[in-house]
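Trainee: return a 3D structure for these sequence lines:
(2 chains)
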Amino acid sequence: MENWGYLVAAYTIIWVVLSIYIFTLYRSQRRLRRDIDSLKDKLKGS
Amino acid sequence: MQSLKQNARITNGLLGLTFVVMIAAQFLIFVYVPTERTMGVVQRIFYFHVPLGWNAFLAFAVVFVCSILYLRSRDMKWDRLARSSAEIGLLFTTLVLITGTIWDKPAWGTWWTWDPRLTATLILWFIYIAYLLVSAYATEASQGARYAAVLGIIGFLDVPIVALAIVLWQTQHPSPLIFEGGLTDSMLLTLIVSIIAFTLLYASLLILRTSLRQDADEIKKLKQYME
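Mentor: Just a heads-up that it's a prediction; the model follows:
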């Protein structure tokens, strides 16, 4: 019984979903770094 | 805010190790391990499906322990850890359900059946969706943390039901082959390496997600202080 289509579908879905999640985390990290820099600038200005 | 820099090095190191072990796991799954005779190539889904399931259980066990620790200490660090672990556990459970469904079609001839194992897993998925909604939409952070902790403890009761469903009830789902010695040496090795790879991935994501929550909380406090 050859069912390559099912295997490829499962494999693709796993890595697409995990990649989207990891990308979302790194985007949040970048946003937090920008917030930290903005707070630092505000503190320097005050 | 220190955690962002402190954890970045640990997380990057762990992600690097995860990447190497994951590549090794992919080699074992697609090149090394022989094709199973009855089900054919689709059986290789097993080497993703089982590690994702085990790590979902691990994630919810972490939620359970952290929820108890939060209720005892009221320290928000346990809430952050529990919520991060629940999010990753939910992600892994979603993938378990999807890969299981894709495997069901060629193996059982249907995408879904109300089998005890599948039904209990779907209930588990709904429990942790509710957990994340409760913690996200509470009016106060401490209230959300308290409700979520209670749900994190009660919700964990479904984990042994999912794990034991294949023993307690008559089910279409395969019996625990690993413990019955139903795997050849090459299959067992591939499964173990894949479990290690996904456990490393879970640990990396948990550290990253928790540190992001901690930094977001600290930035929020600082902004409130400065206004």
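
Trainee: pLDDT weak spots in chain A?
Mentor: The model of chain A has pLDDT under 70 over residues A:1-2, A:46.

Trainee: if I look at B:Ile123, how far off is B:Leu81?
Mentor: Distance from B:Ile123 to B:Leu81, counting by Cβ to Cβ, to the nearest Å: 24 Å. Yep, even glycine has a C-beta here, placed from its N, CA and C like the rest.

Trainee: neighbour-wise, which of the two wins?
Mentor: When neighbours are counted by other Cβ atoms under 10 Å in any protein chain shown, B:Ile123 and B:Leu81 differ, and B:Leu81 comes out ahead with 24 against 13.

Trainee: find the nearest non-adjacent residue to the more buried one, please.
Mentor: Leaving out its chain neighbours, the residue that sits closest to B:Leu81 by Cβ to Cβ, 6 or more residues apart in numbering or on different chains is B:Cys66, at 4.7 Å.

Trainee: the one you found touches B:Asp79, doesn't it?
Mentor: Yes. Assessed by Cβ atoms under 8 Å, B:Cys66 is found in contact with B:Asp79 at 7.4 Å.

Trainee: which of the two has more neighbours?
Mentor: Neighbours per residue, other Cβ under 10 Å: of B:Cys66 and B:Asp79, the larger number sits with B:Asp79, 26 against 23.

Trainee: for the more buried one, what are its contacts?
Mentor: B:Cys66, B:Tyr70, B:Ser135, B:Ala145, B:Ala148, B:Ala149 (Cβ atoms under 8 Å, 6 or more residues apart in numbering or on different chains).

Trainee: before we move on, what about B:Val63?
Mentor: Going by Cβ under 8 Å, 6+ apart, B:Val63 touches B:Ala82, B:Ser85, B:Ala86, B:Gly89, B:Tyr128, B:Tyr131, B:Gly152, B:Gly155, B:Phe156.

Trainee: out of these, who's nearest chain A?
Mentor: Nearest to chain A out of the contacts of B:Val63 is B:Gly89 (Cβ to the nearest Cβ; 12.4 Å).

Trainee: buried sites along the helix or strand where that closest one lies?
Mentor: Here B:Gly89 sits within helix B:76-108, counting by DSSP states H and E. Residues B:78-100, B:102-107 are the ones in helix B:76-108 that count as buried (16 or more other Cβ atoms under 10 Å in any protein chain shown).

Trainee: farthest-separated two in the contacts of B:Asp79?
Mentor: Farthest apart among the contacts of B:Asp79 by Cβ to Cβ are B:Cys66 and B:Ser135. That separation is 12.0 Å.

Trainee: which ones among the contacts of B:Asp79 lie within strands?
Mentor: Filtering these for membership in strands, criterion DSSP state E, returns an empty set.

Trainee: save the residues you listed as a markdown table, and put in pLDDT too.
Mentor: What follows is those, written out as a markdown table (pLDDT from 0 to 100):
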| residue | pLDDT |
| --- | --- |
| B:Cys66 | 97 |
| B:Tyr70 | 97 |
| B:Ser135 | 88 |
| B:Ala145 | 93 |
| B:Ala148 | 95 |
| B:Ala149 | 96 |
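
Trainee: and which of the residues you listed is nearest chain A?
Mentor: Chain A lies nearest to B:Ser135 out of the contacts of B:Asp79, by Cβ to the nearest Cβ, at 16.8 Å.

Trainee: now do the contacts for the closest residue to that closest one other than its chain neighbours.
Mentor: Once flanking residues are discounted, B:Ser135 sits nearest to B:Ala148: 3.8 Å by Cβ to Cβ, 6+ apart. By Cβ under 8 Å, 6+ apart, the contact list for B:Ala148 reads B:Ser67, B:Asp79, B:Ala82, B:Arg83, B:Ala86, B:Tyr131, B:Val134, B:Ser135, B:Ala138.

Trainee: how about B:Tyr128?
Mentor: Contact analysis of B:Tyr128 by Cβ under 8 Å, 6+ apart lists B:Phe60, B:Val63, B:Ala86, B:Gly89, B:Leu90, B:Thr93, B:Gly155.

Trainee: and B:Gly40, its phi and psi?
Mentor: Main-chain torsions, B:Gly40, degrees, to the nearest 10: phi 80, psi -160.

Trainee: sorry, slip of the keys, the one I care about is B:Arg37.
Mentor: Backbone geometry at B:Arg37, expressed as degrees, to the nearest 10, gives phi -70, psi -40.
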